[in-house]
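**Q** this one's sequence-less:
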Ligand code: 3PG
């Protein structure tokens, strides 16, 4: 991990502080439907405001590709952010130029403003020098609190760190500390659970983890691709048959690295993915030809829980079954509760992240009971792939 400066080392009093946040939150009909990213950002903004900074929040929202797309305005999100920080948040209709300058110049120490979507300008994604200069003209100090956008080498996530004194915000700091504890300097043995439907999106994750962790649990639809590659009949289940050689190569490299690969020994099967559908629990070598595997079975859950109890660190990305539809949430929820219990007992460090994972853990009611749950999607995956994230590197 790159070494970085934190807010404890920054003198922000009366300074204009540009905070790169990730306000890319789910919105439906102009309302924020999940404010987790805003809740996590609030401590950084409050800390800076309490220290007398003039706080200027920069973010992208969605992918407008250099156009002013009204549905992708940050205005409603700025209003939702005001609720989280418990004070007024000003809004500028542009992130550079006269509209931005007017709002920034009017800020008093301790006040906060959000500037309009950075991606209304092509210079953001192009990491363009003139755009970086225009942003930098609005601030004295740069704080990056957007780990979830740190896999992008954009003007506000990477470029700005080279032209202004740069610091990690509280959320970025917490995220980097948790991720380091989980994968870079973990307490061993380490278990990684990787689930989700396809291995094609997680090949690099699986390859990197197989070289680093002690136990690699493969669940979700992607387990079927591994089972099929080993000659197990999986009926109508989701499977990437063309990746059989790749799956075998991952199994082989794990074996060489001394990583124990854990695949399901039983499964819950049904005709299809429908609520209330009749289900059957079968041994993994007895999946009927006309059925689909939709969750791992109880014997697998028991073995997984026993194994987890012997581990000191858990890194989790992706559900074990089709958790959005009952009863195929059973295995994911059972393992999530077990992990939360072990964390509570103090015997396990459990770090989870990536799109579906947060939804699954929240569904199980343990979203706040693991050691750290990241709100990052793509950035969390790239980090699990072992890649250096440009936004993190630039802080070093
Ligand atoms: C995310 O939601 O994962 C981040 O905000 C990054 O968004 P992007 O994939 O559009 O760069």
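**A** Received it, and whenever you're ready, just let me know what you need. Being a predicted model, the structure only gives us computed values, none of them experimental.
**Q** Mind checking what helix or strand follows the least confident helix or strand in the chain by mean pLDDT in sequence?
**A** Lowest on mean pLDDT, DSSP states H and E among the helices and strands of the chain sits helix 355-363, with a mean of 88. The C-terminal neighbour of helix 355-363 among helices and strands, as given by DSSP states H and E, is strand 372-373.
**Q** tell me which strands and helices the least confident helix or strand of the chain is in contact with?
**A** With contacts defined as 3 or more CB pairs under 8 Å, 6 or more residues apart in numbering; DSSP states H and E, the packing partners of helix 355-363 are helix 330-345, strand 372-373. To be clear about C-beta, it is placed using only N, CA and C from the backbone, and glycine gets the same treatment.
**Q** Helix or strand: which one has the closest residue to residue 289 other than its chain neighbours?
**A** Leaving out its chain neighbours, the residue that sits closest to residue 289 by CB to CB, 6 or more residues apart in numbering is residue 235, at 5.2 Å. Using DSSP H and E, residue 235 sits within no helix or strand.
**Q** Which residues are in contact with residue 235?
**A** With contact taken as CB atoms under 8 Å, 6 or more residues apart in numbering, residue 235 is in contact with 269, 287, 288, 289, 290, 291, 292, 293.
**Q** before we move on, what about residue 131?
**A** By CB under 8 Å, 6+ apart, the contact list for residue 131 reads 96, 121, 123, 124, 155, 159.
**Q** three-state assignment of the residue in the chain positioned nearest to the ligand?
**A** Here the chain gets closest to the ligand at one residue, residue 24, 3.4 Å apart by CB to the nearest ligand atom. The three-state assignment at residue 24 reads coil, by DSSP: H, G, I helix; E, B strand; the rest coil.
**Q** residues near it, how many?
**A** 22 (other CB atoms under 10 Å).
**Q** what's across from residue 28 in the sheet?
**A** residue 31 (DSSP bridges).
**Q** same deal with residue 350?
**A** On the basis of DSSP bridges, residue 350 is bridged to residue 314.
**Q** show me the contacts for it.
**A** Neighbouring residues of residue 350 by CB under 8 Å, 6+ apart: 313, 314, 316, 339, 340, 342, 343, 370, 371, 372.
**Q** My read is that the first one contacts residue 181, right?
**A** This points to residue 313. Yes: contact status for residue 313 versus residue 181: in contact at 7.5 Å, counting by CB atoms under 8 Å.
**Q** Which of those two has more residues huddled nearby?
**A** Legend: neighbour count by other CB under 10 Å for residue 313 and residue 181, higher for residue 313 (22 against 17).
**Q** Around the ligand, which positions in the chain sit nearby?
**A** For the chain, the residues in contact with the ligand (CB under 6 Å from any ligand atom) are 22, 24, 63, 148, 149, 152, 377, 378.
**Q** ok, 8 Å please
**A** 22, 24, 60, 62-63, 146, 148-149, 151-152, 376-379 (CB under 8 Å from any ligand atom).
**Q** Just the ones of those in strands?
**A** Counting by DSSP state E, the residues of the chain next to the ligand place none of their members in strands.
**Q** I'd like those laid out as a markdown table, including pLDDT.
**A** Formatted as a markdown table, these follow (pLDDT from 0 to 100):
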| residue | pLDDT |
| --- | --- |
| 22 | 98 |
| 24 | 97 |
| 60 | 98 |
| 62 | 97 |
| 63 | 98 |
| 146 | 98 |
| 148 | 97 |
| 149 | 98 |
| 151 | 97 |
| 152 | 98 |
| 376 | 93 |
| 377 | 91 |
| 378 | 92 |
| 379 | 95 |
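**Q** Any chance of a markdown table for the residues you listed, columns distance to residue 134?
**A** Listed next are the residues of the chain next to the ligand as a markdown table, based on distance: CB to CB, whole Å:
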| residue | distance to residue 134 |
| --- | --- |
| 22 | 21 |
| 24 | 21 |
| 60 | 16 |
| 62 | 22 |
| 63 | 21 |
| 146 | 19 |
| 148 | 24 |
| 149 | 19 |
| 151 | 24 |
| 152 | 18 |
| 376 | 27 |
| 377 | 29 |
| 378 | 26 |
| 379 | 25 |
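**Q** Of those, keep whichever come out buried.
**A** The neighbour count (16 or more other CB atoms under 10 Å) marks 22, 24, 60, 146, 148, 149, 151, 152, 376, 377, 379 as buried among the residues of the chain next to the ligand.
**Q** got a list of what the third one touches?
**A** Right, the one you point to is residue 60. Residues near residue 60 by CB under 8 Å, 6+ apart: 22, 23, 24, 117, 118, 119, 124, 149, 154, 156.
**Q** Report the secondary structure state of residue 204.
**A** With three-state DSSP as the criterion, residue 204 reads helix.
**Q** Could you do residue 90 as well?
**A** Residue 90 ends up strand, using three-state DSSP.
**Q** Near it, how many residues? Count them for me, please.
**A** 19.
**Q** Which residue, other than its chain neighbours, is closest to it?
**A** Among residues not flanking residue 90 along the chain, residue 113 sits closest, at 4.0 Å (CB to CB, 6+ apart).
**Q** If anything else comes up later, I'll come back, but that's it for now.
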